[in-house]
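1. Sequence first, predicted coordinates after that:
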Amino acid sequence: MVFYSTRSKDIQANSAEAVLKGIAPDGGLYTPLDFESMRIDLSSLLGKSAVEISAEVIGKILDDFTPEEMRALIEAAYAGKFETEDLTPVEKVGGDFVLELFRGPTSAFKDVALSVLPRLIVASREKLGVKDEIVILTATSGDTGKAALEGFHDVAGTRIAVFYPDGGVSDVQKAQMVTQEGGNVRVCAVRGNFDDAQTGVKRIFADDSRNGWAALSGARLSSANSINIGRLAPQVAYYFKAYCDLVLGGEISLGDPVNFVVPTGNFGDILAGEFARRMGLPVAKLVCASNANNVLTDFINTGVYDKRRDFYKTASPSMDILVSSNLERYLFMASGGDFELVSRLMADLNEKGVYTAPETLMSTMRDHFAAACADDRAALEAIGRVWREHGYLMDTHTAVGWAALEQFKATQDNGYANIVLSTASPYKFCRDVLSAISDQVPADGFEAMDRLHALTQVPVPPRLAALRDKPARFKDCVDRDGMLEYVREMLG
Ligand SMILES: *Cc1c(COP(=O)(O)O)cnc(C)c1O
């Protein structure tokens, strides 16, 4: 499989190189175009375990690994880490379905990919005979950071630094990160929002490509963000798995189209759904759900991507994003690999803060995508209603998805089964979730956790409950412009 940089014709990589580099040297994102050769025979997946389905799907995309290698890698990656053997169970809620992606070690959907990525990186490093230490730099809106730390801590040959927006993550999320154990980890707050942290990381990569300082320290920079194709590939698997579960449960027949509703930030999760569709999964619509930072809703509806707008801190902080990196991959795929177009649009975004996509591309996009947004009020209202009506407790991100589903059904219902991707445990966002079902909300996140449990009896993930007694290890905080120095100092 050839992975192309989205920005220049002559930059290509195989899957191992793409995983190891994370981002292309020109700032583009490694993206495949030949989805025909990745087609999956759906009927052959029925009855297979989650691990088998993952190995098969990921192996199609990252084809430098033999089926045996991939199978062993995936088995080791997930062994004993998730609450359930099927990794990502589907629950029926009313007449719709919720795909629970949060049953992993950090209680967010990022675990599905970040349990696998470190092993993919180590295996790619070996395959390519690279001796340098791999240094992972990650900007996080709250969940990626912890899931990446959990995946990489004490993995030989790697180090990891995580940057999160100071004051931009929940109490539980912050506690998860700053208490992280491991000899090869660093956690640092950035004064600014997620986009500042993400821009800072991209600048560090760009500076190193120009000046090559990492190599002088025997290191090589890479990324655990969803700009790494090794992050996206494992996410494609659960779309297939959920579909098989519905077929096996008698809810749909093999071949029936389904809709997926995806709470979206960086456009990674939903792009994995587009990969699944192109690999043969019968997907009718991918519904892109946004919170008050609704830049994607506007883009899908108008074709104008305009980041020049107020940034809102919402109750779904992992979706508080105005520059959705993976949309660049979609533009590339939907334009049939038009490097020049993508470079031009990305330059516009960089220089003017806005771009307009061609109408032909937008009409392709609208064939497969719908968009809806829900502010905090609508999301919290959905949490309360679904709890009262169905006894199902959602987190704030999933609630944005649920509210988007309701809008979608009200305006564009196509009659197919709907699957909402549930991206986090309600116990990661205790105060906001509690406020949706109760008037009494303690100021402290952990007291809110106790009360949420007392009211609902929904089990608290043990690792979240244990956090309150863990000492903080990391107190660093830098400005966006101080991030480069921080990393150079870390490398010594
Ligand atoms: C990261 C995240 C999202 C958004 O996923 P993208 O791949 O960035 O679109 C949604 N919900 C939660 C809980 C997340 O952690």
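-> Structure received.
2. so where's the longest helix in the chain?
-> Among the segments of the chain that qualify as a helix by DSSP state H, the longest is helix 229-248.
3. buried set for that helix?
-> Judged by neighbour count using 16 or more other Cβ atoms under 10 Å, the buried positions of helix 229-248 are 229-247. No exception for glycine: its C-beta is placed from N, CA and C like everyone else's.
4. of those, list those near the ligand.
-> Taking Cβ under 6 Å from any ligand atom as the test, the ligand is in contact with none of these.
5. Around the ligand, pick out the residues from this protein.
-> Contact residues, the chain versus the ligand (Cβ under 6 Å from any ligand atom): 108-110, 143, 226, 263-269, 318-319, 397, 423-424.
6. Can you show me the strands along the stretch 51-200 of the chain?
-> For the stretch 51-200 of the chain, applying DSSP state E, counting those that start in this stretch gives strands covering 90-93, 96-100, 133-139, 158-165, 185-191.
7. Need these in a markdown table (columns: mean neighbour count).
-> Shown next, in a markdown table, are the strands of the stretch 51-200 of the chain (neighbours: other Cβ atoms under 10 Å):
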| stretch | mean neighbour count |
| --- | --- |
| strand 90-93 | 16 |
| strand 96-100 | 24 |
| strand 133-139 | 24 |
| strand 158-165 | 25 |
| strand 185-191 | 22 |
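8. Turn the ones you listed into TSV, including mean pLDDT and distance to Glu56.
-> Below are the strands of the stretch 51-200 of the chain laid out as TSV (pLDDT from 0 to 100; distance: least, Cβ to Cβ, whole Å):
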stretch	mean pLDDT	distance to Glu56
strand 90-93	98	19
strand 96-100	98	19
strand 133-139	94	26
strand 158-165	96	26
strand 185-191	97	32
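9. Indicate which one of these is closest to Ala465.
-> strand 96-100 (18.7 Å; Cβ to Cβ).
10. ok now the closest one, how far from the chain's centre?
-> How far strand 96-100 lies from its chain's middle: 17 Å, per Cα atoms, centre = their mean, to the nearest Å.
11. for that strand, packing partners?
-> For strand 96-100, the elements it packs on are strand 90-93, helix 229-248, strand 417-422, judged by 3 or more Cβ pairs under 8 Å, 6 or more residues apart in numbering; DSSP states H and E.
12. Please report how far Leu405 lies from the ligand.
-> 15 Å (Cβ to the nearest ligand atom, to the nearest Å).
13. Please look at Gln198 and Asp320 and confirm they touch.
-> No: using Cβ atoms under 8 Å as the test, Gln198 is too far from Asp320 to be in contact (11.3 Å).
14. And those two? Which one has more around it.
-> The neighbour count for Gln198 versus Asp320, taken as other Cβ atoms under 10 Å, is higher for Gln198 (26 against 23).
15. what residues are up against the more buried one?
-> Contact partners of Gln198, counting by Cβ atoms under 8 Å, 6 or more residues apart in numbering, are 139, 225, 321, 323, 325.
16. Can you flag which of these belong to strands?
-> Among the contacts of Gln198, the ones falling in strands (DSSP state E) are Ala139.
17. Make JSON lines from the contacts of Gln198 and add distance to Arg186 to it.
-> JSON lines is the format used below for these (distance: Cβ to Cβ, whole Å):
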{"residue": "Ala139", "distance to Arg186": "13"}
{"residue": "Asn225", "distance to Arg186": "16"}
{"residue": "Ile321", "distance to Arg186": "23"}
{"residue": "Val323", "distance to Arg186": "24"}
{"residue": "Ser325", "distance to Arg186": "22"}
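18. quick one: which of the contacts of Gln198 is most hemmed in?
-> Highest count within the contacts of Gln198 by other Cβ under 10 Å belongs to Ala139, 28 neighbours.
19. Next up, the contacts around that residue.
-> 163-164, 190, 194, 197-198, 200-201, 225.
20. Can you check what pLDDT the model gives Val172?
-> pLDDT, Val172: 88.
21. quick one: the helices in the stretch 351-492 of the chain?
-> Per DSSP state H, counting those that start in this stretch, the stretch 351-492 of the chain carries helices over the ranges 359-368, 376-390, 396-412, 430-437, 445-456, 462-465, 483-491.
22. Worst mean pLDDT among these?
-> Lowest mean pLDDT within those: helix 462-465, a mean of 92.
23. and Pro257, how many neighbours?
-> By other Cβ under 10 Å, neighbour count at Pro257 equals 15.
24. distance of it from Asp444?
-> Per Cβ to Cβ, to the nearest Å, Pro257 is found 46 Å from Asp444.
25. mind checking the end-to-end distance for stretch 345-358?
-> Length of stretch 345-358, first residue to last, Cα to Cα, to the nearest Å: 10 Å.
26. An error on my part: the question was meant for stretch 187-202.
-> End-to-end distance for stretch 187-202, by Cα to Cα: 17 Å.
27. Equivalent analysis for stretch 132-143, please.
-> Distance between the boundary residues of stretch 132-143 (Cα to Cα) amounts to 28 Å.
28. now swap in stretch 423-436 and tell me
-> Using Cα to Cα, the end-to-end distance of stretch 423-436 comes out at 18 Å.
29. so how far is that stretch from its chain's centroid?
-> For stretch 423-436, the distance to the chain centre is 18 Å (Cα atoms, centre = their mean).
30. To Ala371, which of the strands of the stretch 51-200 of the chain lies closest?
-> Judged by Cβ to Cβ, the one of the strands of the stretch 51-200 of the chain that comes nearest to Ala371 is strand 96-100, at 18.3 Å.
31. picking that back up, and which of the contacts of Gln198 is nearest the ligand?
-> The closest of the contacts of Gln198 to the ligand turns out to be Ile321 (Cβ to the nearest ligand atom; 6.8 Å).
32. so the closest one makes contact with Thr144?
-> No: counting by Cβ under 8 Å, Ile321 sits too far from Thr144 to count as a contact (11.4 Å).
33. Give me the distance between His92 and Ser316.
-> Rather than His, residue 92 is Lys. 23 Å.
34. number of nearby residues for the residue nearest to Ser438 when sequence neighbours are not counted?
-> Once flanking residues are discounted, Ser438 sits nearest to Leu455: 6.1 Å by Cβ to Cβ, 6 or more residues apart in numbering. Around Leu455 there are 14 other residues, counting by other Cβ under 10 Å.
35. does Leu455 really touch Ala436, like I thought?
-> No: judged on Cβ under 8 Å, Leu455 makes no contact with Ala436 at a distance of 11.0 Å.
36. between the two, what contacts are shared?
-> In terms of Cβ under 8 Å, 6+ apart, Leu455 and Ala436 are not both contacted by any residue.
37. Spatially nearest residue to the residue of the stretch 1-150 of the chain found nearest the ligand, not counting backbone neighbours?
-> Minimum separation of the stretch 1-150 of the chain from the ligand (Cβ to the nearest ligand atom) falls at Asp143, amounting to 3.2 Å. Excluding its sequence neighbours, the residue lying closest to Asp143 (Cβ to Cβ, 6+ apart) is Ala108, at 3.8 Å.
38. Can you get me a residue count around the one you found?
-> Close neighbours of Ala108, defined as other Cβ under 10 Å, add up to 25.
39. swap in the one 10 residues further on?
-> Here the number of neighbours of Pro118 (other Cβ under 10 Å) works out to 23.
40. Glu359 too?
-> Neighbour tally, Glu359, other Cβ under 10 Å: 9.
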